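# Have a look; sequence and predicted model below, questions after that.
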Amino acid sequence: MSSHDSLNPYQASRLLVNFKYVDQLLSEAESILVASNSKSPFPKYRNELTPAQVKVVQDYIARVRAQMVQALKSLGITPPGPQFGAAHSIRVNLEFADITFAESRPEALRGYGEVSPAVVPELNGVVNEMSSLVRKLSGYLAQGLGQDLEGRLKRLSQTGNEIELLRKLEQVINTHGLIEFRSALSIILDRLESNNYQIAIFGRVSSGKSSLLNHILNADVLPVGVNPITAIPTRIAYSTVPRVIISHMDGKAEEVGIGRLHEFVSEQHNPGNSKHVTRITVELPSERLRDGALFVDTPGLGSLATAGATETLAYLPQCDLGVVLVDAGSTLTEEDLSTVGRLYEAAIPALVILSKADLLVHEDRERSLEYISRQVESHLGLKISVQPVSIRDTHANLLDDWFLHEIQPLYAKHQQLAQESLRRKIGALRESVEAALKVQLEISEKGPKQDGQRLRTAEAQLRRAAGKFEDVNSFCLKASDTIHDWGEVAISRAASAVAGQWLNKSEEETDVGELVSHSLVETATVGANQIFEKLQEFAGTLSEALGVAAGFLEVTTPPGKEELPNLIKEMPRLDAGPLTVSLQKDLLAVLGRGLTEARVKKKLRDQIGSTVDEAFQRYGRMLELWIRRTVAELQRRFDSHADAYRAQLERLSAAETPAENEVEAIQRDLSILSTSRVQEVV
């Protein structure tokens, strides 16, 4: 086509703009067709077209588009390709949706009038529910095609019955919109895609976990004596070349040398996980890793590292075997018993070992082993043989014997053990999906809104409980922030305690240094206790809300009443370090109470003031970290139950009963899952 009988560039550009505008109008027409049949709670269009008429309209739209393309091509104009990725564009819209939900919070509505305090928790709960759903959808899109469940199922090379059952579950979940089960399905697929047998080491701070693993693997790679460490379980797997792989929150991963591991796992170099590490994998050419075993070094439970305990307990259900260390230099604690109990609740076998056994003579060691076994049986009803271990050269044979007789035999059957664990997890998921489908059938038989008042009460209680997270978090963080500056208060209380002892002749005197240290800890405890009590009360509120919903839904395995309160059993404790206090009673005690306190306070301020200030500032930061971790774990645990309950309650309160064809599909899928039940446990 010559230049005189064709459009110039400006004319072609204008024509293309016009055609694109027409295409936009056609897209809006398609949206109208879809919207008129949608179940939106805010419908804009009513459906007045028959299915046949809808088909005709769609055919005409397709014809117009096809003709436009042909017309443009005949004029030498090439339509541009897609400009934006669908997933990215949807995520942008979801970001705006999240912002819009945030603008619905009570503080944002106060410009329209004061919001009643009675409404605030439920309104916050509504926003939290909506934002949570939007963020989960955005997170799903952010994972990319590599995380697509159907695609992952196809890529799995295994051909066992588990894969077929998972494929059926994935289809049922998608068909009936049971999105609350996608996370559980994804976790199961993670384990299927891994050929490793995960042996996790649990224990309190300084119980010797890292030292034990270094000895087992014959490689001095894990930092020891670091207290506290960051809340990141460290996986140790086999490789011909030693290296460390660090995964970050933004999805990126970096490879670093073994010598840099401490930069990411120690509180000193990565305070509060400021480097946003989500996963650490250490690869070593160790013979004890060659057969598919993968060891996991978990953050210590209890004491100052309690901030990491939540991540340790969150990881716990993922392992295949749990090894719980009890420190021979300490004693069996409730945290140790709780860890063993949680492992068995998750259908994970546990071994208990007495670490640092070299600290005890033979007779004391035997008594400790017997005591631990007896306590485990008494509290948990489990008969577990407890074995002593040590890494000291004089007693290293204890650890080697334990590994040879308890761990090494598991390597040969680790695939069988892992498969049994997977079957239990798949069985639990299948039962949950079946329960959700049965709720939909119940709606079709009895109609929606049965016992509507109890249903609304359960929904509202869940919502109000969820809505208190922000207020509780804010209260606790403000309290921890105040403790930062309590150094002066602590000095005053210590001075009062010293003066009181000197002027009270009837009291048996305590060493002044000990008295001051005790007073500092008491002062810190006063502030910490209000945080502890607030979180305990809140955990009780969350548990009660879950209990009401579980009772209404007749859940067969509701969460235990103590599941959430148990997350708040210990807090960081103030450690001011060694204090050098030099006070002379004879020169001060004759001045009277007021003057004595003032003089003692001045001397304490001069001698240990800066040390005490630093201790309280450090303690405040530790409390802040602990609060953030604990509240996050409370929310994770609460949501893990509440999300499923909300979905069930929403179905029960649905405005419409399922259509006849939907009922048939539910019955068919229930039958399919039921027939899969026997095959699954073969």
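Arrived safely.

# Spatially nearest residue to I491, not counting backbone neighbours?
The shortest distance from I491 to any non-neighbouring residue, by C-beta to C-beta, 6 or more residues apart in numbering, is to L604 (5.1 Å). Every C-beta, even on glycine, is put in place using the N, C-alpha and C of the backbone.

# Give me the helices and strands touching the helix or strand containing the one you found, please.
Element membership for L604 (DSSP states H and E) is helix 593-652. On a contact count with 3 or more C-beta pairs under 8 Å, 6 or more residues apart in numbering; DSSP states H and E, helix 593-652 meets helix 120-142, helix 306-315, helix 414-446, helix 452-467, helix 469-483, helix 487-503, helix 512-553, helix 585-588.

# Okay, the residue nearest to I491 and A499: tell me how far apart.
As judged by C-beta to C-beta, to the nearest Å, L604 and A499 stand 11 Å apart.

# Compare the mean pLDDT across the helices and strands packed on helix 593-652 and name the weakest.
Here the lowest mean pLDDT among the helices and strands packed on helix 593-652 goes to helix 306-315, at a mean of 49.

# Tell me the helix or strand right after that helix.
strand 321-327.

# Output the contacting helices and strands for that next one.
Using 3+ C-beta pairs under 8 Å, 6+ apart: strand 321-327 touches strand 197-203, helix 334-345, strand 350-355.

# List the strands paired with the shortest one, with their directions.
Which is strand 350-355. strand 321-327 (parallel), strand 386-388 (parallel) (DSSP bridges).

# Could you list the buried residues of the next helix or strand after that strand?
Where DSSP H and E defines the elements, the next helix or strand beyond strand 350-355 is helix 362-380. By neighbour count on 16 or more other C-beta atoms under 10 Å, the buried set for helix 362-380 is R365, S368, L369, I372, S373, Q375, V376, L380.

# wait, isn't the third one in contact with I384?
No: L369 lies out of contact with I384 (C-beta atoms under 8 Å); the separation is 10.7 Å.

# R235 and D297: what is the separation?
8 Å.

# Tell me which of the strands paired with strand 350-355 lies nearest to R135.
Ranking those by distance to R135, with C-beta to C-beta as the measure, places strand 321-327 first at 31.3 Å.

# any idea how far the closest one is from the chain center?
On the basis of C-alpha atoms, centre = their mean, to the nearest Å, strand 321-327 sits 22 Å off its chain's mean C-alpha point.

# cool, and stretch 170-190?
Put simply, stretch 170-190 sits 18 Å off its chain's centre (C-alpha atoms, centre = their mean).

# any idea of the mean pLDDT in it?
For stretch 170-190, the mean pLDDT works out to 76.

# Can you name the helix or strand that P558 falls in?
Per DSSP H and E, there is no helix or strand for P558.

# From A458, how far off is the closest residue to it other than its chain neighbours?
In this structure, P558 finds its nearest non-sequential neighbour in A550, 3.6 Å apart by C-beta to C-beta, 6+ apart. Counting by C-beta to C-beta, the gap from A550 to A458 is 9 Å.

# overlap in contacts of those two?
Residues touching both A550 and A458 (C-beta atoms under 8 Å, 6 or more residues apart in numbering) are Y645.

# The two: which is more packed in?
When neighbours are counted by other C-beta atoms under 10 Å, A458 comes out ahead of the other of A550 and A458, with 26 against 19.

# Report whether the expected contact of that one with E544 is present.
No: in this structure A458 lies outside contact range of E544 using C-beta under 8 Å: 11.2 Å.

# Give me the contact list for stretch 52-65.
Against stretch 52-65 from outside (C-beta under 8 Å, 6+ apart): V22, D23, L26, A29, E30, L33, L49.

# closest to Q635 out of the strands paired with strand 350-355?
Judging these by C-beta to C-beta, what sits closest to Q635 is strand 321-327, at 24.6 Å.

# and V120, what does it touch?
Per C-beta under 8 Å, 6+ apart, neighbours of V120: P106, G467, D471.

# wait, what's in contact with the second one?
For G467, the contacting residues are V120, P121, E122, L123, N124, G125, V126, V127, N128, by C-beta under 8 Å, 6+ apart.

# returning to what we had before: could the helices and strands packed on strand 321-327 be laid out in CSV, adding distance to I531?
Shown next, in CSV, are the helices and strands packed on strand 321-327 (distance: least, C-beta to C-beta, whole Å):
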stretch, distance to I531
strand 197-203, 26
helix 334-345, 19
strand 350-355, 32
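
# could you dump the ones you listed to JSON lines with distance to S610, mean neighbour count and mean pLDDT?
As requested, the helices and strands packed on strand 321-327 are arranged in JSON lines below (distance: least, C-beta to C-beta, whole Å; neighbours: other C-beta atoms under 10 Å; pLDDT from 0 to 100):
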{"stretch": "strand 197-203", "distance to S610": "35", "mean neighbour count": "25", "mean pLDDT": "85"}
{"stretch": "helix 334-345", "distance to S610": "34", "mean neighbour count": "19", "mean pLDDT": "76"}
{"stretch": "strand 350-355", "distance to S610": "38", "mean neighbour count": "24", "mean pLDDT": "90"}
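
# Which one of these lies nearest to R618?
Ranking those by proximity to R618 (C-beta to C-beta) places helix 334-345 first, at 23.2 Å.

# angle of the closest one against strand 350-355?
Relative orientation of helix 334-345 and strand 350-355, computed by axes from the mean of the first three to the mean of the last three C-alpha atoms, to 10 degrees: 150 degrees.

# just checking, what packs against helix 334-345?
If you count contacts as 3+ C-beta pairs under 8 Å, 6+ apart, helix 334-345 packs onto strand 321-327, strand 350-355, helix 362-380.

# closest to V600 out of the ones you listed?
Per C-beta to C-beta, nearest to V600 of these: strand 321-327, 38.5 Å.

# ok, and for that closest one, which residues are buried?
L321, G322, V323, V324, L325, V326, D327.

# Dump the C-alpha coordinates for that strand into PDB.
The C-alpha trace of strand 321-327 is given here as PDB (Å, rounded to 0.1, in the frame of the first residue of the first chain):
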ATOM      1  CA  LEU A 321      10.600 -36.600  64.600                       C
ATOM      2  CA  GLY A 322      11.100 -34.300  67.600                       C
ATOM      3  CA  VAL A 323      14.100 -34.600  70.000                       C
ATOM      4  CA  VAL A 324      13.500 -32.700  73.200                       C
ATOM      5  CA  LEU A 325      16.600 -31.900  75.300                       C
ATOM      6  CA  VAL A 326      16.300 -31.600  79.100                       C
ATOM      7  CA  ASP A 327      19.300 -29.800  80.600                       C
END
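
# Give me the residues contacting that strand.
Taking C-beta under 8 Å, 6+ apart as the rule, strand 321-327 contacts 197-204, 206-209, 212, 316, 332, 336, 339-340, 343, 348-356, 372, 386, 410, 417.

# name the element E254 belongs to?
E254 belongs to strand 253-256, assigned by DSSP H and E.

# what's that strand in contact with?
R243, V244, I245, I246, S247, H248, E263, F264.

# Give me the buried subset of those.
V244, I245, I246, S247, E263, F264.

# Among those residues, which ones are in strands?
Cross-referencing the buried ones among the contacts of strand 253-256 against strands under DSSP state E gives V244, I245, I246, S247.

# circling back to that earlier point, nearest to L94 among the contacts of G467?
V127 (14.8 Å).

# distance of the closest one from V548?
Taking C-beta to C-beta, one finds V127 at 21 Å from V548.

# neighbour-wise, which of these two wins?
V127 (23 against 19).

# all helices of the stretch 151-300 of the chain, in order?
With DSSP state H, counting those that start in this stretch, the ranges of helices along the stretch 151-300 of the chain come out as 161-175, 182-193, 209-217, 262-265.

# The third one - contacts with which helices or strands?
Helices and strands touching helix 209-217, by 3+ C-beta pairs under 8 Å, 6+ apart, are strand 197-203, strand 293-297, helix 396-402.
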